[in-house]
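J.: fold the following, please.
(2 chains)
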Amino acid sequence: MTLARTPAGRFVARVGAIAWKEILHIRRDPRTLLLALAMPVVMLLLFGYGVSFDVDRIPLAVSDQDRTAASRRLAQAFTENHEFEPVGGAEADAADTIFRRHRAQAVLVIPQGFEKDLARGGPARAQLLLDAADPVTASQVLAKADAIALSESRRVATGPGISATPPLQVKVSSRYNPEARSAVFIVPGLAAYLMAISAVLLTALTVAGEWERGSMEQLFASPVSRLEIVLGKLFPYLIVGLIQLLLVLGVGTNVFDVPILGSPILVILAGTLFLAGMLGQGLLISVLAKNQLVATQAGSLSSLLPSLLLSGMLVPIDNMPAVLRLISRVVPARYMVDALRQILLKGNGFAQVWPDLLAMLIFAVVIVGLATVRFKRRIA
Amino acid sequence: MSAERRPSRAWIQYVAVVRKEVLQTLRDRRVMFMLIFAPFLQTLVLGFAVDFDVDRVPTLVADQDRSQESRTHLRRVLADGTLLRVGEASSAEQGAAALDEGAAAAVLVIPPRFGADVAAGRPAQVQVILDGTDPNRSNVAAGAVSRYFGEDALRRADERARAAGVAPPARIEVVPRLFYNPGLKSSPYIVPGIAAMLLVVVTTLVTAMGLAREREQGTLEQVAVTPVPASVLLAAKMTPFVFIGFFDVLLLVTVGTWVFGVPLAGNLAVLALATLLYLLSTLGVGLLISTISANQQQAFLGGFLFTLPAMLLSGIMTPVDSMPRWMQVLTYANPLRYFQEIARSNLLKGGGFADLWPQLLALTFFGTVIFGLATARFHKRTG
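T.: All right, here's what the predicted structure looks like:
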């Protein structure tokens, strides 16, 4: 008895046949395949270079009403490290217009009598008018201004008996991403996001296309079972997804110096589990949506948005309201992002990553099961 | 009756096609649901989820001094809420291991004899070990600790001077005054940005795929053989989307004010004009994509290939100023950049025509060019 005669052998043969048919479909449309493979690389390059919150050369207008050596020294302290970029003088009451027209992010107002106050030993005050519409940039400006005021205070405070004060040092050591580079933070998250996009949407679109054209009914007339159709259809896309993952990681390590400290096999395992869930989700959407337009919108709503926002890829989950934190627990991308960061950046192994893997496995089994069940209802 | 009283032929054709488009859109409830409900949901999720404030960073404390002094410092450094004490560690090594496991994101180590050293004026060193994965978070956390001890050193210098009988050293203070968003809340800033994002998703992708679908099914050719000229057909096809776009902006502004406290500081006519000009660009791109795609899948991927970089290079999520130079140059060719600047300046800062005319001009330029190009290609394809 050959292997092909056993029930298991037949199962594999049928799944293989469906998978082969799907591969032929993909091959017939090389433009889509090229887009699916080129897109992640382009996105990664753009995100890797572009996503950063660190602002330097903040445009600063100065309104120096004191016009003394001390006031000029303070204005210079703001711009000498290129943290602020002088964009010219300003009247203090014109700040509103300046901000509305994006001329400057902040206006430093040094009032008359600044130098006199300093000489008297009393606190000498300057004012920083700040366009705080963007809170992330604004809080960076605040921190920088604080640090400058502190170091300027220390500079002018070199009197008798004070210079000998030993400074109390704070030594900061940062692990996993010591140079604080955004790319190291973004790439693992981006890998998960890009895989989610193509896995969910490619399957959703392909299968929805088959419903639209009626070729799915023909498939059901063949002796292949539902589960075999589902697995056969998903398998080629799993391969495409894994190629994407490798591409993204390859570019990430070579262009952005993202480390791979942990086991690559563990990365592939996590990727497979994650992709299985995402592909199942795409299939489920296509079964429910019936046409490609609805499938796209449903796909972006149910996978792109959560994968981008509720996965911790860009926005920290800890800060979210409790409801969203709860929802983020059923977003598989959350576990993928965490697993990738652990494996790549920290070098953690299976012993630390297994809860993430388990969560993705559960999601995959449930969603593929649901998709298979809904498949039948559609036909009946 | 004079002839000019009767509506022109083009108008009749236009109305007829608009009617057909509206009926077709209304017939598919799910499409309507997606065009109207999805933006609503996205606004809510984005508005609530996007919060880049760094606070409550889970922190382990390794107090190796266990003196009155070290306890006071630890209490004060944690007081501003940036760091949240979640446990103890015995040493820096044990704390670092906890970072590996993800049990905490920061470890604060106070060395032995810290209190005695500080009191005697000997140099002392506090150690902060951070999970640096998220650069924003680790910078803020490190800044909070450094600021506290820096201020403490100044205060100590004051005290020492006073004890020595000399005048305390002079201090320079920079007092900030925050315009527009004094609470530094993320949502009033993010929500107007979402408008730019949603409009491009809804209009560009839906137009691109809708037209690609008509081409697939051959219905576009059927309409092309009717006496309706291509330009009227195009105008009529775009009309429902202009209304949907305006409806989405209205919805967003409403949700923004009621739920997220967007101030509505400016003249809304500016925003309305900007929306119209912006829709010209987004619909034009959708149209352009549909003319170069063979099927819906390609149209979708093409749409995606445009929308994702366009969102990224717009300053909606991360500031344009933080991008590398060459990327900042690219943002000038991006309609999303101008629309988000107008929406934010108008709603938050009260920017009017006098402030925002350069952006409006840029939108007019891009809208005309893109839509003109798309129309020309569309004519060629439909013949």
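J.: going forward, measure contacts between C-alpha atoms and count neighbours the same way
T.: OK.
J.: now the stretch 251-380 of chain A against chain B: closest residue?
T.: Going by Cα to the nearest Cα, chain B is nearest to A:Met320 of the stretch 251-380 of chain A, at 5.4 Å.
J.: I'd like the next helix or strand past whichever strand or helix holds A:Gln281.
T.: Element membership of A:Gln281 [criterion: DSSP states H and E] is helix A:264-289. Using DSSP H and E, the helix or strand that directly follows helix A:264-289 along the chain is helix A:292-299.
J.: residues contacting that next one, please?
T.: Contacts to helix A:292-299, defined as Cα atoms under 8 Å, 6 or more residues apart in numbering or on different chains, come from residues A:200-201, A:204-205, A:208-209, A:212, A:282, A:285-286, A:289, B:30-31, B:34, B:206, B:209-210, B:296, B:300.
J.: alpha carbons only: can I get the next helix or strand after it in PDB?
T.: Remark: after helix A:292-299, the chain's next helix or strand is helix A:305-309, criterion DSSP H and E. What follows is helix A:305-309, C-alpha atoms only, in PDB (Å, rounded to 0.1, in the frame of the first residue of the first chain):
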ATOM      1  CA  LEU A 305      -5.900  49.400  12.800                       C
ATOM      2  CA  PRO A 306      -5.600  47.100  15.800                       C
ATOM      3  CA  SER A 307      -2.200  45.900  14.600                       C
ATOM      4  CA  LEU A 308      -0.900  49.400  14.200                       C
ATOM      5  CA  LEU A 309      -2.400  51.000  17.300                       C
END
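J.: tell me if helix A:305-309 is near chain B.
T.: Yes - contact of helix A:305-309 with chain B (Cα under 8 Å from any Cα of the partner chain) involves A:Leu305, A:Leu309.
J.: what helices or strands is that helix leaning on?
T.: Packing partners of helix A:305-309 (3 or more Cα pairs under 8 Å, 6 or more residues apart in numbering or on different chains; DSSP states H and E): helix A:182-213, helix A:332-341, helix B:29-49.
J.: just name the most buried of the ones you listed.
T.: Comparing the helices and strands packed on helix A:305-309 by mean neighbour count (mean count of other Cα atoms under 10 Å in any protein chain shown), helix A:332-341 comes out on top with a mean of 26.
J.: show me what that one is packed against.
T.: Packing partners of helix A:332-341 (3+ Cα pairs under 8 Å, 6+ apart): helix A:182-213, helix A:264-289, helix A:305-309, helix A:350-379.
J.: in TSV, list those helices along with mean pLDDT.
T.: Formatted as TSV, those follow (pLDDT from 0 to 100):
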stretch	mean pLDDT
helix A:182-213	82
helix A:264-289	91
helix A:305-309	81
helix A:350-379	87
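J.: okay, now residue 217: neighbour count?
T.: Since no chain was named, I'll use chain A. By other Cα atoms under 10 Å in any protein chain shown, 12 other residues sit near A:Glu217.
J.: please refer instead to chain B.
T.: Neighbour count for B:Gln217, taken as other Cα under 10 Å: 14.
J.: show me what contacts A:Leu238?
T.: Shown in contact with A:Leu238 (Cα under 8 Å, 6+ apart): A:Ala199, A:Thr272, A:Leu275, A:Ala276, A:Leu279.
J.: now it: how far from A:Asn319?
T.: Between A:Leu238 and A:Asn319 the computed distance is 33 Å (Cα to Cα, to the nearest Å).
J.: kindly report the same for B:Gly102.
T.: Distance from B:Gly102 to A:Asn319, counting by Cα to Cα: 17 Å.
J.: which residue of the two possesses the greater neighbour count?
T.: Neighbours were counted for B:Gly102 and for A:Asn319 using other Cα under 10 Å; A:Asn319 has more, 19 against 16.
J.: now the residue nearest to the more buried one when sequence neighbours are not counted: phi and psi?
T.: Residue nearest to A:Asn319 in three dimensions, not counting chain neighbours: B:Asp51, with 6.5 Å by Cα to Cα, 6 or more residues apart in numbering or on different chains. Main-chain torsions, B:Asp51, degrees, to the nearest 10: phi -140, psi 100.
J.: over to A:Asp64?
T.: Note on A:Asp64: its backbone torsions stand at phi -90, psi 100 [degrees, to the nearest 10].
J.: count of neighbours near it?
T.: By the criterion of other Cα under 10 Å, A:Asp64 has 22 neighbours.
J.: what do you get for the one 4 residues further on?
T.: A:Thr68 sits with 14 neighbouring residues when counted by other Cα under 10 Å.
J.: that one reaches A:Glu115, doesn't it?
T.: Yes - A:Thr68 is within contact range of A:Glu115, at 6.7 Å (criterion: Cα atoms under 8 Å).
J.: confidence score at the residue lying closest to B:Ser67 once chain neighbours are set aside?
T.: Nearest residue to B:Ser67, sequence neighbours excluded (Cα to Cα, 6+ apart): B:Gly115, at 6.4 Å. B:Gly115 carries a pLDDT score of 84 in this model.
J.: hang on, B:Gly115 in a helix?
T.: Yes - per DSSP: H, G, I helix; E, B strand; the rest coil, B:Gly115 lies within a helix segment.
J.: for it, what are its contacts?
T.: Neighbouring residues of B:Gly115 by Cα under 8 Å, 6+ apart: B:Asp65, B:Ser67, B:Gln68, B:Glu69, B:Ser70.
J.: same question, B:Leu26
T.: Residues near B:Leu26 by Cα under 8 Å, 6+ apart: B:Met32.
J.: and it, helix, strand or coil?
T.: Under the three-state scheme (three-state DSSP), B:Leu26 adopts helix.
J.: pull out the buried positions in the helix holding A:Gln281.
T.: Within helix A:264-289, the residues that count as buried by 16 or more other Cα atoms under 10 Å in any protein chain shown are A:266-267, A:270-289.
J.: which stretches of chain B have low pLDDT?
T.: B:1-5, B:381-383 (pLDDT under 70).
J.: now do the strands in it.
T.: Using DSSP state E, the strands of chain B run over residues B:57-63, B:83-88, B:106-110, B:124-131, B:172-179.
J.: deepest-packed of these, please.
T.: The highest mean neighbour count among the strands of chain B, using mean count of other Cα under 10 Å, belongs to strand B:106-110: a mean of 27.
J.: near chain A at all, it?
T.: No - against chain A, strand B:106-110 shows no contacts by Cα under 8 Å from any Cα, the least distance being 9.0 Å.
J.: and that strand, which strands flank it?
T.: Using DSSP bridges, strand B:106-110 pairs in its sheet with strand B:57-63 (parallel), strand B:124-131 (antiparallel).
J.: closest one to A:Ala147 among the ones you listed?
T.: Ranking those by proximity to A:Ala147 (Cα to Cα) places strand B:124-131 first, at 18.0 Å.
J.: could you identify the most distant pair in the contacts of A:Leu238?
T.: Greatest spacing in those, by Cα to Cα: A:Ala199 and A:Thr272 (11.3 Å).
J.: and the helix or strand harbouring A:Met39, which residues are buried?
T.: Following DSSP H and E, one finds A:Met39 within helix A:30-50. Going by neighbour count (16+ other Cα under 10 Å), the buried part of helix A:30-50 is A:31-33, A:35-37, A:39-50.
J.: residues in contact with it?
T.: Residues outside helix A:30-50 that contact it (Cα under 8 Å, 6+ apart): A:26-27, A:182-183, A:186-187, A:190, A:194, A:198, A:240, A:243-244, A:247-248, A:251-252, A:256, B:297-298, B:301, B:305, B:308-309, B:312-313, B:322-324, B:327.
J.: which residues are in contact with residue 278?
T.: Reading this off chain A. Counting by Cα under 8 Å, 6+ apart, A:Met278 makes contact with A:Ala196, A:Ala199, A:Val200, A:Ala364.
J.: not what I meant, chain B
T.: With the criterion set at Cα under 8 Å, 6+ apart, B:Tyr278 makes contact with B:Pro335, B:Leu336, B:Phe339, B:Leu363, B:Thr364, B:Gly367.
J.: perfect, I'm done here.
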